[in-house]
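Participant: sharing a model prediction with you, sequence too.
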Amino acid sequence: MSMKETLKEKLGLTDKDFEKPLPKPTAWSKPFWDGANQGKLLLKRCKDCGHIDHPPYLFCTACSSEECEWIEASGKATLYAYAVNSYGVPFPFVEDLPYVLAMIDLPEGPRMISNVVQCDPEGLKNGMQLEVVFERASEEITLPKWRPVKGQAINLEAVRTINGEGNDQNL
Amino acid sequence: MSKAEFAIIGTGEVPCGIYPARSEFEIAYRVSKMAIEDAGIDKNKIGAALTAVHIMGSEYNTEMFFGRLPEAIGANNCRVVATTVSGGGSSFSIRKTAEGILSSGEAEYVLVVHAQRFSQFTPNEQAVFFAHAGADLEWEVPYGMTYNALAAMMTQGYMEYTGTTIEQVASVCVACRKWANLQENAMFRDKQLTLEEVLKSRTVAYPLTAMMCNVLCDGGSAYIMTTAENARKVCKRPVYILGEASDYSHRTITKSKMKDLGRMHEFYTPVAQRAYQAAGLGPKDMDIFQVYGAYPFANLMFLDAMGIVEPGRAGELVESGETSPGGKYPASTNGEALSFGHTGTGVGFSCFVESVRQLQGKAGRAQVEGAKFLIEDCGGGAFMDVHFTIMGNEDPNL
């Protein structure tokens, strides 16, 4: 039986309890999510001072100007730090365990929190190069995620062990 | 530096742990009574009653917003009620509120209360709430972000960029537990903890194991604050607020003012230094380092800023045992969130009342002999802010 079915039976949960929380775009973030739907990673840049805000806000956090443009980012980034969630996550994410959360640094300046996917968590290394991938989450929302760039020289020295005790106890 | 303006004259606290039958109202009323009795004042002298917010507790919060506390404890001359909240920084912001009320002359004594009963909520409700407290709903939560993941990635970065080992991180949990074993109100007062147990417990969010994460529980505490001048008249051993300093960084962790997890001290150290300077004291004068980090890496990060080791080397200090009972640099003397228990906004309050107890010589088996001065910290959200306070049982600037 899947983790989801077990939880439904044990705790009387319904499918609704497993619905993923999705972004609710604001007036000033909608272009980002529209871009993601088209496979583009967009950043909000101030037309007056050139400052890039991510997350975007109502007006430029550097100079308060409301004149902005959306630029397309390179789609490349660097892994700054990461965690591997293995236990004790909200119900909508239990079937994804284990999954990687990371601080991802864009060459354009901003840092983002996202998932590193299509990877072996034990092979992750701070400083490794990442590239953006787009995962459609619903009709309205596509989530930009990241995967390691293939062929880069990474030291896969197995210094990190992920505890494999299973994730279904005591939930 | 200038002479102290405010002082604490009494505290109250109930045991921390899972006590489903003890309501948050009972906690609030009980700790109020204890603090008033400990201060040795008449309840009708309380001029203001301040409450911290109860995390996820809408009924309690509504009652406190609308003045339940003075009525329930019979504080018949109370003139001001308020709830002050800024997450884990609440123990600081509520004290600043108390200071303002005392300065206004509207109250001679302020009662400050925290109460929390997490056990009324399911583990999933708590997980969802804390995921939202520590992460951005639009930019982080959709990726499965949790509070433990936030702390885990910061731990991973702190270790990588300072050279701190996982054993050193785990040693914080052990040191905290040793202190908690001496505290009658600590959730884990009767349970020992070894380094091996910390390292071998289940991985929750790599590199964090279960024993490196907090257990949410029930608890509460209270204290009575007055002017330093009045405190000297009515209390044998008041505890003075000698220096305070704060800074705010961000809401979203990606917007942290200091982006380098190996150099977080560059954000925190100047704040600690301003607090020391306000008190006219330095790290060498401190008898206790009352760190509230909640997660072990954060305990190290704040120790790094307090001026006793080269930044990034706090892990070696804790591993050496010098912050444990009997050590040269007693730190987190109630075991803080990790071993005293995590009561939401209450961790800062429990560390604060423990600081008062230590300086009043009322800390029981955990008493640091002759403790005269200490530094404590608090902060909230996704490491959004920091507040350092220097406290003492004498005023060096008088």
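Facilitator: Yep, that arrived.

Participant: so what pLDDT did the closest residue to residue B:311 other than its chain neighbours get?
Facilitator: Nearest non-adjacent residue to residue B:311, counting by Cβ to Cβ, 6 or more residues apart in numbering or on different chains: residue B:265, 3.7 Å away. Every residue, glycine included, has its C-beta placed from N, CA and C. On the pLDDT scale, residue B:265 is placed at 96.

Participant: show me the residue sitting in the middle of the chain in space.
Facilitator: In the absence of a named chain, chain A is used. residue A:114 (1.9 Å; Cα atoms, centre = their mean).

Participant: hm, I was asking about chain B
Facilitator: residue B:348 (1.8 Å).

Participant: stretch A:92-102: how far from the chain's middle?
Facilitator: Between the centre of stretch A:92-102 and the centre of its chain there are 11 Å (Cα atoms, centre = their mean, to the nearest Å).

Participant: follow-up on the earlier one: so the residue nearest to the centre of chain A sits against residue A:135, correct?
Facilitator: No - using Cβ atoms under 8 Å, residue A:114 makes no contact with residue A:135, being 10.2 Å away.

Participant: which neighbours do these two have in common?
Facilitator: Residues touching both residue A:114 and residue A:135 (Cβ atoms under 8 Å, 6 or more residues apart in numbering or on different chains): A:143, A:145.

Participant: list the contacts of stretch B:259-273.
Facilitator: Contact with stretch B:259-273 is made by A:80-81, A:111, B:154, B:157-158, B:160-162, B:245-247, B:249, B:256-258, B:301-302, B:304-307, B:311-312, B:375, B:377, B:386-388, as judged by Cβ under 8 Å, 6+ apart.

Participant: now with 6 Å?
Facilitator: Stretch B:259-273 has contacts (Cβ atoms under 6 Å, 6 or more residues apart in numbering or on different chains) with B:157-158, B:161-162, B:245, B:247, B:257-258, B:301, B:304-306, B:311, B:386, B:388.

Participant: how about stretch B:345-363?
Facilitator: B:8, B:11, B:13, B:52, B:88, B:90-91, B:114, B:116, B:219, B:221, B:223, B:237, B:239, B:288, B:290, B:292, B:333-334, B:336-337, B:340, B:368, B:371, B:374, B:376, B:378, B:391, B:393.

Participant: break chain A into its domains for me.
Facilitator: Residue ranges for each domain of chain A read A:22-72, A:74-163, as given by automatic domain parsing.

Participant: what average pLDDT does the shortest one get?
Facilitator: It stands for domain A:22-72. Domain A:22-72 comes out at a mean pLDDT of 98.

Participant: what about it, start to end distance?
Facilitator: 22 Å (Cα to Cα, to the nearest Å).

Participant: related to what we said a few turns ago, does the residue nearest to the centre of chain B belong to a helix, a strand or coil?
Facilitator: Three-state call for residue B:348 (DSSP: H, G, I helix; E, B strand; the rest coil): helix.

Participant: which non-adjacent residue is nearest it?
Facilitator: In space, residue B:348 is closest to residue B:91, 3.1 Å off (Cβ to Cβ, 6+ apart).

Participant: mind listing what that neighbour touches?
Facilitator: Counting by Cβ under 6 Å, 6+ apart, residue B:91 has contacts B:348, B:349, B:352, B:378.

Participant: distance of it relative to chain A?
Facilitator: Counting by Cβ to the nearest Cβ, to the nearest Å, the separation of residue B:91 from chain A is 26 Å.

Participant: what's the spacing between the helix or strand that residue falls within and its chain's center?
Facilitator: Element membership of residue B:91 [criterion: DSSP states H and E] is helix B:90-104. Its chain's average C-alpha position is 16 Å from that of helix B:90-104, according to Cα atoms, centre = their mean.

Participant: what residues of it count as buried?
Facilitator: B:90, B:91, B:92, B:93, B:94, B:95, B:97, B:98, B:99, B:101, B:102 (16 or more other Cβ atoms under 10 Å in any protein chain shown).

Participant: sorry, back to before: kindly reformat the domains of chain A as CSV containing distance to chain B.
Facilitator: Shown next, in CSV, are those (distance: least, Cβ to the nearest Cβ, whole Å):
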stretch, distance to chain B
domain A:22-72, 4
domain A:74-163, 3
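
Participant: list, one by one, the residues from chain B near chain A.
Facilitator: B:127-128, B:131, B:138-146, B:149, B:152-153, B:156-157, B:160, B:202-206, B:254 (Cβ under 6 Å from any Cβ of the partner chain).

Participant: show me where chain B has strands.
Facilitator: Assigned by DSSP state E, the strands in chain B fall at B:6-17, B:46-52, B:80-84, B:109-117, B:203-206, B:208-209, B:218-227, B:239-248, B:288-290, B:373-378, B:385-392.

Participant: give me the subset of the residues of chain B next to chain A lying in helices.
Facilitator: B:127, B:128, B:131, B:149, B:152, B:153, B:156, B:157, B:160 (DSSP state H).

Participant: by neighbours, which of these wins?
Facilitator: With neighbours taken as other Cβ atoms under 10 Å in any protein chain shown, the top of those is residue B:149, carrying 31 neighbours.

Participant: rounded mean pLDDT for stretch B:383-398, please.
Facilitator: 96.

Participant: repeat for stretch B:245-252
Facilitator: 97.

Participant: surely residue A:119 is within a strand?
Facilitator: No - read with three-state DSSP, residue A:119 is coil and lies in no strand.

Participant: now do the host helix or strand of residue A:84: which elements does it pack against?
Facilitator: If you go by DSSP H and E, residue A:84 is part of strand A:76-85. If contacts are counted by 3 or more Cβ pairs under 6 Å, 6 or more residues apart in numbering or on different chains; DSSP states H and E, strand A:76-85 sits against strand A:99-105, strand A:129-136, helix B:147-162, strand B:203-206.

Participant: and the contacts of it?
Facilitator: Contacts for strand A:76-85 (Cβ under 6 Å, 6+ apart): A:98-106, A:121, A:124, A:126, A:128, A:130-131, A:162, B:149, B:152-153, B:156-157, B:205-206.

Participant: check stretch B:238-246 too.
Facilitator: So stretch B:238-246 is contacted by B:4, B:6-9, B:228, B:231, B:271, B:274-275, B:278-279, B:356, B:359, B:387-393, B:395 (Cβ under 6 Å, 6+ apart).

Participant: same question for stretch A:18-25.
Facilitator: So stretch A:18-25 is contacted by A:4, A:33, A:91, A:92, A:137, A:138, A:141, B:138, B:141, B:142 (Cβ under 6 Å, 6+ apart).

Participant: what's the PyMOL syntax to select whichever of those are buried?
Facilitator: In PyMOL, this line selects whichever of the contacts of stretch A:18-25 come out buried by 16+ other Cβ under 10 Å:
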select buried, (chain A and resi 4+33+91+92+141) or (chain B and resi 138+141+142)
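
Participant: redo the contacts of stretch A:18-25 as JSON lines? Include distance to residue B:210.
Facilitator: Below are the contacts of stretch A:18-25 laid out as JSON lines (distance: Cβ to Cβ, whole Å):
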{"residue": "A:4", "distance to residue B:210": "23"}
{"residue": "A:33", "distance to residue B:210": "36"}
{"residue": "A:91", "distance to residue B:210": "19"}
{"residue": "A:92", "distance to residue B:210": "22"}
{"residue": "A:137", "distance to residue B:210": "30"}
{"residue": "A:138", "distance to residue B:210": "33"}
{"residue": "A:141", "distance to residue B:210": "33"}
{"residue": "B:138", "distance to residue B:210": "30"}
{"residue": "B:141", "distance to residue B:210": "22"}
{"residue": "B:142", "distance to residue B:210": "26"}
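
Participant: counting neighbours, what do you get for residue 59?
Facilitator: You didn't pick a chain, so chain A it is. 15.

Participant: you answered for a different chain; I wanted chain B.
Facilitator: For residue B:59, using other Cβ under 10 Å, the count is 11.
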